[in-house]
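Engineer: Pasted the sequence and its predicted model underneath.
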Amino acid sequence: MTALQRGTSVLYIGGTGTISASCVRQSVAAGMSVYVLNRGRNVKHRALPDSVTWLQADISDADSVRKALGDLEFGAVANFLSFNAADAAQAVELFRGRADQYLHISTASLYRKPILQWPIVESNLRQNPFVSYSRDKIAAEDELMRACVHRGFPVTIVRPSHTYDEASPPLPGDWTAIDRLARGAEVIVPGDGTSLWTLTHATDFAAGLVGLIGNPRAVGEVFHITSDDVYTWDQIYSIVAGALGVEPRIVHIPSEHILTGAPDWFWSELIIGDLSHSAVFDNSKVRRYVPDFSPRRTFHAAAADMVRWRTEHAEDCRPAAAVDAIMDRLVGGYHSAREVFTALGAGHG
């Protein structure tokens, strides 16, 4: 952290989520003057330092934001609640002239699928025909870069990839998937379980993002910020199962079949358009701008913390009946299909 960054005033829009809360805490630890704007203090799982100044407004309501901000100006604004081109356009109008730097939190899921080049660098083609969330984030980036080029809007774009903390496990189905592991039910892994996947703990992401705050060289630039912690999906489930003290009962289902069998499941689109593809990232760029960036948290250690969190917050980690039913449906369909193919094979023997 540079002397220039200490004392910087930074506004976080959101501020209490999986990754934004870690960024708030690291900004405070770095000596920054931190503001958090959201609709209310929902900090049940992620307490923030007492020195944080709270501003209450709905970011989708520009008038309420202007009223909450008054005449405040900031060294940086980090927006975790901007999801499409309309959100981005509104942010330009709200924060142009009010902040020296605007950090837009995008997503690393926007890179072309399937991946043609890896490790992935920031210049990889942005094209994800499967995930609407990713396409909307591409449109938001384009809107902000046009404002940067034509209106001098000081944007820095940051792309996280599957970031998690102890209260937010990185498994499709969240706590329901962990509950299934714990009670010996079958769990679903897309494909054959050997694709490579990058998991980033929120504290490691925060180290990269906070290191970019106040750096004028970062304006107009794009960074993905990820860990170097790369596993196969079979390994990811096995690590969690090991922390629970059980053996995982993994069922491999093609991602296309998951989408067909569960189009109503939030994760189905993400599985076919992101999670089922190998994703390994080159973090050289962020390391050039933030020399101290060095992800330290391994998933092995974090999995033990998740299990401990689950024990200590049992009421908040209950499985979702609807998600459990979807998983049962997919597993049942898989076994039924196998029985049919087995019978057909026997009939042609």
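Structural biologist: Looks like it arrived, so ask away.
Engineer: Where does pLDDT dip in this structure?
Structural biologist: 1-6, 41-45, 339-349 (pLDDT under 70).
Engineer: so where do the strands sit in it?
Structural biologist: Secondary structure of the chain by DSSP state E: the strands cover 9-13, 33-38, 53-56, 76-79, 102-105, 155-160, 163-164, 187-190, 196-198, 200-201, 222-225, 230-232, 250-253.
Engineer: Switch the ones you listed over to a markdown table; also include mean neighbour count and distance to residue 323.
Structural biologist: The C-beta positions use only the backbone N, C-alpha and C, and glycine is treated the same way. Listed next are these as a markdown table, based on neighbours: other Cβ atoms under 10 Å; distance: least, Cβ to Cβ, whole Å:
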| stretch | mean neighbour count | distance to residue 323 |
| --- | --- | --- |
| strand 9-13 | 24 | 29 |
| strand 33-38 | 22 | 26 |
| strand 53-56 | 14 | 32 |
| strand 76-79 | 26 | 29 |
| strand 102-105 | 26 | 26 |
| strand 155-160 | 24 | 23 |
| strand 163-164 | 23 | 17 |
| strand 187-190 | 24 | 11 |
| strand 196-198 | 19 | 20 |
| strand 200-201 | 26 | 23 |
| strand 222-225 | 24 | 29 |
| strand 230-232 | 17 | 23 |
| strand 250-253 | 17 | 15 |
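Engineer: Including distance to residue 207, could those strands go into CSV?
Structural biologist: As requested, the strands of the chain are exported to CSV (distance: least, Cβ to Cβ, whole Å):
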stretch, distance to residue 207
strand 9-13, 15
strand 33-38, 16
strand 53-56, 23
strand 76-79, 14
strand 102-105, 14
strand 155-160, 12
strand 163-164, 12
strand 187-190, 30
strand 196-198, 16
strand 200-201, 10
strand 222-225, 8
strand 230-232, 18
strand 250-253, 33
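Engineer: Minimum distance to residue 271: which of those has it?
Structural biologist: strand 187-190 (5.0 Å; Cβ to Cβ).
Engineer: For that closest one, which strands pair with it and how are they oriented?
Structural biologist: Within its sheet, and counting by DSSP bridges, strand 187-190 is paired with strand 250-253 (parallel).
Engineer: what's next to the partner strand, contact-wise?
Structural biologist: 186-193, 234, 237, 261, 330-331, 334 (Cβ atoms under 8 Å, 6 or more residues apart in numbering).
Engineer: Residue 76 and residue 60: what is the separation?
Structural biologist: Distance of residue 76 to residue 60, given as Cβ to Cβ, to the nearest Å: 21 Å.
Engineer: What of residue 69?
Structural biologist: Distance, residue 69 to residue 60, by Cβ to Cβ: 15 Å.
Engineer: Show me which of those two is the more surrounded one.
Structural biologist: The neighbour comparison of residue 69 against residue 60 (other Cβ atoms under 10 Å) goes to residue 69, with 19 against 12.
Engineer: Of the strands of the chain, give the one that comes closest to residue 122.
Structural biologist: Nearest to residue 122 among the strands of the chain is strand 222-225 (4.9 Å), distances taken as Cβ to Cβ.
Engineer: same for the closest one, what does it pack against?
Structural biologist: strand 155-160, helix 202-212, helix 284-289 (3 or more Cβ pairs under 8 Å, 6 or more residues apart in numbering; DSSP states H and E).
Engineer: Dump the C-alpha coordinates for that strand into CSV.
Structural biologist: Output of strand 222-225 as CSV, limited to C-alpha atoms (Å, rounded to 0.1, in the frame of the first residue of the first chain):
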residue,chain,number,x,y,z
VAL,A,222,-8.9,-3.8,-17.5
PHE,A,223,-7.7,-6.4,-14.9
HIS,A,224,-8.8,-9.8,-13.9
ILE,A,225,-8.0,-10.6,-10.3
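Engineer: mind listing what that strand pairs with, with the direction of each?
Structural biologist: strand 155-160 (parallel).
Engineer: Other residues contacting the partner strand?
Structural biologist: Outside strand 155-160, the residues touching it (Cβ under 8 Å, 6+ apart) are 19, 101-108, 110, 122, 141, 144-145, 147-148, 200, 205, 208-209, 212, 218-226.
Engineer: before we move on, what about stretch 326-336?
Structural biologist: With Cβ under 8 Å, 6+ apart as the test, stretch 326-336 has contacts from 173, 176-177, 180, 185-188, 251, 253, 257-258, 261-262, 264-265.
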